[in-house]
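In: predicted coordinates and the sequence they were generated for:
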Amino acid sequence: MRKLASAVVAFAALGFFVSTSAAHAEVRGAYLEARNADLYSGSCTAEAQGDGRAAIIAWQVESGDFGGVPLTGLSVVAVIRGESALSAAPAEAARPHSVIFVDATASPPQRAALEALVRAQAGQVLGEVVKVEAAPIELAVDPSRALGRLHVTGLAEL
């Protein structure tokens, strides 16, 4: 088989629900995830391998709070890059690196809560967070058509 191309696989969810403990309350909203995948083809078959090394994950909070901080109407995005497949349990030396973008309209306590939300939800896939930055974020998810659109001003569009 030979490698044909690298594709982006996106997942859009109608909503997400977070309830880690009574102290964190609950958050509801939209979620979008895009990961790359390698495509291989032979004379009679083609397949996608889940060995992507890059991902963009985004949350748009429609209601709720996290850690007692209200987050309604705010968004947060994590961009992740690894040296090995993100789906594998990486060794410490091969940990992924990520950047978290918090909504530019959020207050300082809200920015901290958005970062905590991403860390709680994404867990170890984030690897080492090398930067947290405020940026204008636009996220729209249409689960009935399995479509999503993400725009981080001046940085990324998906």
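Out: Great, that's in hand.
In: which residues in the chain form helices?
Out: 108-122 (DSSP state H).
In: where along it do the strands fall?
Out: Assigned by DSSP state E, the strands in the chain fall at 2-18, 27-41, 46-49, 54-66, 69-70, 75-81, 97-103, 128-135, 137-142, 147-152, 156-157.
In: where does the prediction get shaky in the chain?
Out: Counting by pLDDT under 70, the chain shows low-confidence ranges at 1-25, 37-51, 84-93.
In: just send the strands of the chain back as CSV, with distance to residue 116 and mean neighbour count too.
Out: In this view, the C-beta of every residue, glycine as well, is placed from N, C-alpha and C. Shown next, in CSV, are these (distance: least, C-beta to C-beta, whole Å; neighbours: other C-beta atoms under 10 Å):
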stretch, distance to residue 116, mean neighbour count
strand 2-18, 11, 13
strand 27-41, 11, 18
strand 46-49, 33, 12
strand 54-66, 6, 21
strand 69-70, 9, 18
strand 75-81, 10, 23
strand 97-103, 10, 22
strand 128-135, 11, 14
strand 137-142, 17, 18
strand 147-152, 19, 17
strand 156-157, 22, 13
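In: residues touching stretch 131-145, excluding its own?
Out: 12-15, 30-32, 58-60, 75-77, 99-106, 111, 115, 147-155 (C-beta atoms under 8 Å, 6 or more residues apart in numbering).
In: go again using 7 Å as the cut-off
Out: 12-14, 30, 32, 58, 60, 75, 77, 99-104, 111, 115, 148-153, 155 (C-beta atoms under 7 Å, 6 or more residues apart in numbering).
In: that stretch: end-to-end distance?
Out: 33 Å (C-alpha to C-alpha, to the nearest Å).
In: quick one: residue 102 from residue 115, how far?
Out: 6 Å (C-beta to C-beta, to the nearest Å).
In: what sits opposite the residue lying closest to residue 117 once chain neighbours are set aside in the beta ladder?
Out: Nearest-residue entry for residue 117: residue 66, 4.8 Å, with adjacent residues in sequence omitted and distances by C-beta to C-beta, 6 or more residues apart in numbering. Beta-bridge partners recorded for residue 66 (DSSP bridges): residue 69.
In: now do the one 10 residues further on
Out: Counting by DSSP bridges, residue 76 forms beta bridges with residue 59, residue 102.
In: surely the residue nearest to residue 117 and residue 115 touch.
Out: No - using C-beta atoms under 7 Å, residue 66 makes no contact with residue 115, being 9.9 Å away.
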